[in-house]
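*Asks:* Turn this into a model:
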Amino acid sequence: MSFNYKLLFILILIFVCLVSCTPEKEPLTLATYTYHTNNRLENLKPLAELLQSKLDRPIHLKSYPDVASMLQGINSDSVDIGLINTLGYLKLSLDNRNMEVVAALRTKVEARDNYKTVILTNRTDIVSLKDLTSKAQELRMMFVHEGSTSGNLIPRLLLNSIGIQSPNTQFKNVSYGGNHTDTWKSLLGGQADICAIGSNEYYSQKTKNPAMFESLTALWISNEIPLGPVLLNNDLARETADSITEILLELHNTSPQALVSLKSGWSEALQAEKFYQINKDDYDSINTAFRENEELQLIFNQ
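*Replies:* As a prediction, this is how the structure comes out:
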């Protein structure tokens with residue numbers, strides 16, 4: 001009986017095709033947003049490498065120019081894993097259902113002054129929040145950025161609670177500093193009478209430059225603000241979503257250097273000890289106030 005070389009050749013071709021033609025696992029996109037000059041890609045690289053190793057599939061990193069652009073990416077189904085700020089999540093929760101909240105960084109119980117809003121003034125005749133209400137028409141107010149949580153969301157909710165429901169019309173002027181540093185420096189330089197900045201910037205700069213803050217008065221410091229969550233695309237397989245969640249929750253044990261790298265990209269997360277499992281209910285306290293503030297929603301949309 002002669003050996004059938006033709007059959008052998010066909011079998012080899014089939015084997016090679018099965019091996020080489022096996023489709024690669026589809027990559028996942030891990031996305032965030034740029035703050036000032038930091039796109040945070042380097043901060044996320046260790047986490048991306050860990051996810052790629054644990055999930056055995058490529059992880060693509062992407063940084064959107066700002067929070068609003070990231071929301072557009074989420075709405076177009078271009079984000080699989082997203083690290084977003086609190087205001088961005090609140091906006092997303094109004095009209096998007098294709099991402100779920102799975103985890104967020106949390107600080108130690110004993111941590112203090114981690115992520116708050118500070119209202120500052122350079123005017124000696126403004127000594128309390130009541131003065132803001134009575135003198136609003138003659139005051140120039142400066143926020144940080146439309147998409148900022150501590151520099152726009154929280155201060156606007158505070159102003160709403162003291163009778164300034166529409167800062168854009170009730171103040172003499174409303175402007176944005178662009179980032180926390182430039183905002184308080186603009187106040188110091190007389191370009192505004194009142195400003196709102198994050199407590200990280202306030203305490204850090206006050207420690208470095210105490211003399212520069214002698215002419216500024218802190219009118220109000222908020223309670224701790226919940227940090228923004230990690231979002232997962234609802235189209236991910238349940239097994240994949242559960243694996244990602246587990247990786248995040250154990251990150252402080254399995255890869256503390258990846259956690260440190262990630263935290264260093266967000267000043268508000270520097271005191272965080274680890275990721276905790278959460279859900280949308282964890283944001284109810286400020287979500288309700290946000291939903292009722294139509295001007296804030298309109299500003300963010302613009």
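*Asks:* Would you check that I74 makes contact with N98?
*Replies:* Yes. Counting by Cβ atoms under 8 Å, N98 is a contact partner of I74 at 7.2 Å. (C-beta placed from N, C-alpha, C; glycine too.)
*Asks:* Out of the two, name the residue with the larger neighbour count.
*Replies:* Applying other Cβ atoms under 10 Å to I74 and N98 shows that I74 carries more neighbours, namely 21 against 14.
*Asks:* What residues are bridge-paired with T29?
*Replies:* Judged by DSSP bridges, the bridge partners of T29 are H60.
*Asks:* Would you confirm that it contacts I81?
*Replies:* Yes. Assessed by Cβ under 8 Å, T29 is found in contact with I81 at 7.2 Å.
*Asks:* And the strands in the stretch 151-300 of the chain?
*Replies:* Using DSSP state E, counting those that start in this stretch, the strands of the stretch 151-300 of the chain run over 173-176, 194-198, 217-221, 229-233, 272-277.
*Asks:* Let's see the first one as CSV, backbone CA atoms only.
*Replies:* This file holds the C-alpha atoms of strand 173-176, laid out as CSV (Å, rounded to 0.1, in the frame of the first residue of the first chain):
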residue,chain,number,x,y,z
ASN,A,173,-19.2,87.9,36.1
VAL,A,174,-18.4,84.2,35.9
SER,A,175,-15.2,82.8,34.3
TYR,A,176,-13.0,79.7,34.4
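*Asks:* which other helices and strands contact that strand?
*Replies:* In this structure, strand 173-176 packs against strand 140-143, with contacts taken as 3 or more Cβ pairs under 8 Å, 6 or more residues apart in numbering; DSSP states H and E.
*Asks:* packing partners for the strand it packs on?
*Replies:* Secondary-structure packing of strand 140-143 (3+ Cβ pairs under 8 Å, 6+ apart): strand 173-176, helix 180-188, strand 194-198.
*Asks:* Select, out of the ones you listed, the one closest to I244.
*Replies:* I244 lies closest to strand 194-198 among the helices and strands packed on strand 140-143, at 28.4 Å (Cβ to Cβ).
*Asks:* The closest one pairs with which strands, and in what direction?
*Replies:* Here, using DSSP bridges, strand 194-198 pairs with strand 117-121 (antiparallel), strand 140-143 (parallel).
*Asks:* Turn those into CSV, columns for mean pLDDT and mean neighbour count.
*Replies:* Shown next, in CSV, are the strands paired with strand 194-198 (pLDDT from 0 to 100; neighbours: other Cβ atoms under 10 Å):
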stretch, mean pLDDT, mean neighbour count
strand 117-121, 98, 24
strand 140-143, 98, 23
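*Asks:* Out of these, which gets nearest to S261?
*Replies:* strand 117-121 (26.5 Å).
*Asks:* now that closest one and strand 217-221, what's the angle there?
*Replies:* 150 degrees (axes from the mean of the first three to the mean of the last three Cα atoms, to 10 degrees).
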